[in-house]
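*Asks:* What would the 3D arrangement of this be:
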Amino acid sequence: MRCARLAMAAVLLAAVAPALAVGEDAAPAVLRGAVNHELVLDEALLKSLPAVSIDVCFETGQGRKSGSYTGVPLWALLGKAEPIDAPGKNAGLRHTLLITGRDGYAAALALGEIDPHYEGKQVILAYTGGEPPASLASLRLVKLR
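*Replies:* The predicted structure is shown next:
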């Protein structure tokens, strides 16, 4: 099994440019911010995009764990939302995503990290897998190193 780090559970994706926000309690996540199309991440949208499955290993307070996750590539969601670029050379590379979970944890990703033309890290918004299982009500951001 190829190991990776589980970035965080139950995510809110917000961004300096594009933003993806998970609502309160069981409300669906929303991708918004400097995008042409705000996206509500409901079952219809998530299931309409190509699913990706990845196996990951990660450290927890209880030691090393592993799991299999299935979800939508973050890059595909951003493509559907169409981030708005400021004028200037390589404007798309200046986008930064701030990912904040319902539990208050946060992480940041530069768009160049997930852009397949640059670093191309595989990052998915998982809706199945893990313990407790991910679901549409508790999406997880999963990233391969």
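*Asks:* lowest confidence element among the helices and strands of the protein?
*Replies:* Between all helices and strands in the chain, the lowest mean by mean pLDDT, DSSP states H and E belongs to strand 11-15, at a mean of 31.
*Asks:* Give me the neighbour count for L39.
*Replies:* Residue neighbour count, defined by other CB atoms under 10 Å, stands at 20 for L39. For the C-beta atoms, the positions are set from N, CA and C on the backbone; glycine is no exception.
*Asks:* residue contacts, it?
*Replies:* By CB atoms under 8 Å, 6 or more residues apart in numbering, the contact set of L39 is L20, V30, L31, R32, L45, L77, K80, A81.
*Asks:* Top of the residues you listed by number of neighbours, please.
*Replies:* Neighbour counts for those, by other CB under 10 Å, peak at L20, which reaches 29 neighbours.
*Asks:* show me where pLDDT drops low in this protein?
*Replies:* Along the chain, the model assigns pLDDT under 70 to residues 1-28, 102, 145.
*Asks:* at 80 instead, please
*Replies:* Low-confidence segments of the chain (pLDDT under 80): 1-33, 58, 60, 84-88, 90-95, 98-107, 130-138, 144-145.
*Asks:* Show me where it has its helices.
*Replies:* 43-48, 74-81, 111-114 (DSSP state H).
*Asks:* Run a quick neighbour tally on the closest residue to I124 other than its chain neighbours.
*Replies:* Ranked by CB to CB, 6 or more residues apart in numbering and with sequence neighbours excluded, the top spatial neighbour of I124 is G71, at 4.1 Å. By the criterion of other CB under 10 Å, G71 has 24 neighbours.
*Asks:* Ok, L141 next?
*Replies:* 26.
*Asks:* measure it to A106 for me?
*Replies:* 11 Å (CB to CB, to the nearest Å).
*Asks:* Show me the common contact partners of the two, please.
*Replies:* Contacts common to L141 and A106, judged by CB under 8 Å, 6+ apart, are I99.
*Asks:* what residue of the protein is the furthest out?
*Replies:* What lies farthest from the middle of the chain is G88; by CA atoms, centre = their mean that is 26.4 Å.
*Asks:* Quick check: the residue nearest to I124 touching G130?
*Replies:* No: contact criterion CB atoms under 8 Å: G71 and G130 do not qualify, at 10.4 Å.
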